[in-house]
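Novice: Generate a structure from the sequence data that follows.
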Amino acid sequence: MNKFDRQSSSADIQALPDDIAEELSRLPSEVISVDDAPSIAPPVPLSSDEVRTIVVSLMLTMFLAALDQTIVATALPTIGRQFQDVSNLSWVITAYLLASTAVAPVFGTLSDIYGRKAMIITSLSLFVAGSILCAIAPNMPMLILARGLQGLGGGGIMPVVQTVISDVVSPRERGQYQAYFSSVWMVGGILGPVIGGVFAEHLHWSMIFWINLPLTAAALALLLPKMKKIPVFHRKRKVDWLGGVLLMASAVVFMLVLTWGGTRFPWLSPTVLAMVGGAIALIVTFVWHARRADEPFLPLPLLGGSVVPFGLAAGGCALGAITGLTVQLPLYYESVYHLSASEAGLALIPLAAISTCGAAIAGRTMARAKHYKRVAIVGTSWAALCGLALTVTTLPLWALLTLMGAFALGLGTTFPVCVVSIQNSVQRPQVGTITGALNFFRSLMSSFTVAAFAAILLIALGADVPLAGEHHVAGGIPAIPTEDMRHAFRYVFGAATALMAGAALCLIMMEERPLAGPTTAQPVEMAE
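Specialist: Below is the predicted model:
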């Protein structure tokens, strides 16, 4: 293979289109070869209709992943009764979350090696295969295994979708699209329990899996004809499978610690401590291997610099805060405001829905403003102030929901700024890898925050109280005085405040690099 030398590389690169030449000129000379250059194809101009079709198909694809994270929850009692197995019900959800978290960086990296089309087809195929096996599962162990397979596909959807968007939309315009995807994620998360309950009660619980087949077919029918026109930025290279396995194994063990710690096993039990030691050993081995591999699965220098680590931390803090509150707030609503389970679920809508408004504001600001990260700094600081107000005041329900909405508005500004800033800081052939890493770390942070908020409540209440939704399965909430619960949740709100303050600090420290694209972008219209 003939490598570019310094004289020939300049001439060859100049022969390519301007934007591709810029990408190649920024790559280290040792990774560019004459054989590699054709894999970075000149982009074919996409019309607005084509971009709209691609975006709609990607939104439908992401809706599948969002829906299946929550649709099973309300059908669990019905499933448990049919299989006469209640003790393992939690694994129907846990298996999906473990698998989807572990493979997020895998699909992101593989999309940089084999291309976006191959990975979106692979992830959706695994997702559909898992859905079919779930629907026909004859017993609980088979259902759990099938959910794990479904999670392998679902975990690949998010990073690949975000990477495809980065291929067809410039960084300056990309933030606007992130708001649409945030809306899809929110709608899927809210509709999931409703659809799951309706199917389980009026049809059959297997319908929550069969519904994925027509939705997947529709997504592929819209997307695949347009994939050939999407610019190609991947670079084929040897896959570091050992590094990928080590990274996935460490994530699975760490997630099991967060899942079992404080519930199935005490935090200081030998089992949990051994698992913590195993997770640490695996991640140390991964780092040792990555430093010595010629082309590591996840290049460690990619996680350094003045953008990526701060963007990862800010996005993780924001997602952790909203996830932790979403899991624990129903207990607060039921205990303090005496809402029913369904009313408590409805009371979560302001937190989820208004965060997408914040994402939309940030996305449109990024398309126009030079200093685009300021909106996220202001938003996270505002969210921290709202969280602080929740810790020091006792409010009627309407005022609490209003303040939670204000908190969510500020929090939502973080997501498009972090995603676009991180993608904008790396070379095009590395966008999939860093996007997968982003989703991986955010999922880990969400799991950690859920466990941390539950631990905070247990410590504050000084009792062994079922938390994080377990009281719904038991059929009632624990008999805890309202004032005690109100006091304990002040620590939870304090933890959410600290996370948002940390996100604001990370955004302040993150370098603000110029975004490529039109100086003044027009608002993105998704419909005529």
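
Novice: List the buried residues of the helix or strand hosting residue 105.
Specialist: Assigned by DSSP states H and E, residue 105 falls within helix 90-114. Within helix 90-114, the residues that qualify as buried by neighbour count (16 or more other CB atoms under 10 Å) are 90-113. Just so you know, the C-beta spots here come from the backbone N, C-alpha and C atoms, and that holds for glycine as well.

Novice: measure the residue nearest the centre of the chain to residue 159 for me?
Specialist: The residue at the geometric middle of the chain, judged as the C-alpha nearest the mean C-alpha position with CA atoms, centre = their mean, is residue 439 (4.6 Å). Between residue 439 and residue 159 the distance is 5 Å, computed by CB to CB, to the nearest Å.

Novice: where do the contact lists of these two overlap?
Specialist: Shared between the contact lists of residue 439 and residue 159 (criterion: CB atoms under 8 Å, 6 or more residues apart in numbering) are residues 104-105, 108.

Novice: Name the nearest of these relative to residue 192.
Specialist: Lowest distance from residue 192 to the shared contacts of residue 439 and residue 159 (CB to CB) belongs to residue 104, with 19.5 Å.

Novice: give the contact list for that closest one.
Specialist: Residues near residue 104 by CB under 8 Å, 6+ apart: 155-156, 158-159, 436-437, 439-440, 443.

Novice: now swap in residue 358 and tell me
Specialist: The neighbours of residue 358, taking CB under 8 Å, 6+ apart as the test, are 379, 408-414.

Novice: do the same with residue 213
Specialist: Contacts for residue 213 were tallied using CB under 8 Å, 6+ apart; they are 128, 131-132.

Novice: So it versus residue 64, what's the distance?
Specialist: Counting by CB to CB, the gap from residue 213 to residue 64 is 10 Å.

Novice: for residue 324, same thing?
Specialist: Using CB to CB, residue 324 is found at 25 Å from residue 64.

Novice: quick one: which of the two has more around it?
Specialist: residue 324 (26 against 23; other CB atoms under 10 Å).

Novice: per-residue confidence for that one?
Specialist: At residue 324, the pLDDT value in this model is 85.

Novice: Setting aside sequence neighbours, what's the nearest residue to residue 51?
Specialist: residue 168 (6.0 Å; CB to CB, 6 or more residues apart in numbering).

Novice: pretty sure the one you found contacts residue 230?
Specialist: Yes. Between residue 168 and residue 230 there is a contact at 5.7 Å, judged by CB atoms under 8 Å.

Novice: so who does the closest residue to residue 110 other than its chain neighbours touch?
Specialist: The shortest distance from residue 110 to any non-neighbouring residue, by CB to CB, 6+ apart, is to residue 119 (5.5 Å). Contacts of residue 119 were listed using CB under 8 Å, 6+ apart, and they are 107, 110-111, 156, 160, 432.

Novice: quick one: the strands in this protein?
Specialist: Under the criterion DSSP state E, the chain contains no strands.

Novice: low-scoring pLDDT stretches of it, where are they?
Specialist: Where the chain drops to pLDDT under 70, the residues are 1-47, 231-236, 341-342, 463-479, 516-528.

Novice: Mind listing what's buried along stretch 141-160?
Specialist: Buried residues in stretch 141-160, counted by 16+ other CB under 10 Å: 143-160.

Novice: what's the distance between the residue nearest to residue 110 and residue 510?
Specialist: Distance of residue 119 to residue 510, computed by CB to CB: 28 Å.

Novice: what do you get for residue 242?
Specialist: When distances are taken as CB to CB, residue 242 and residue 510 turn out to be 32 Å apart.
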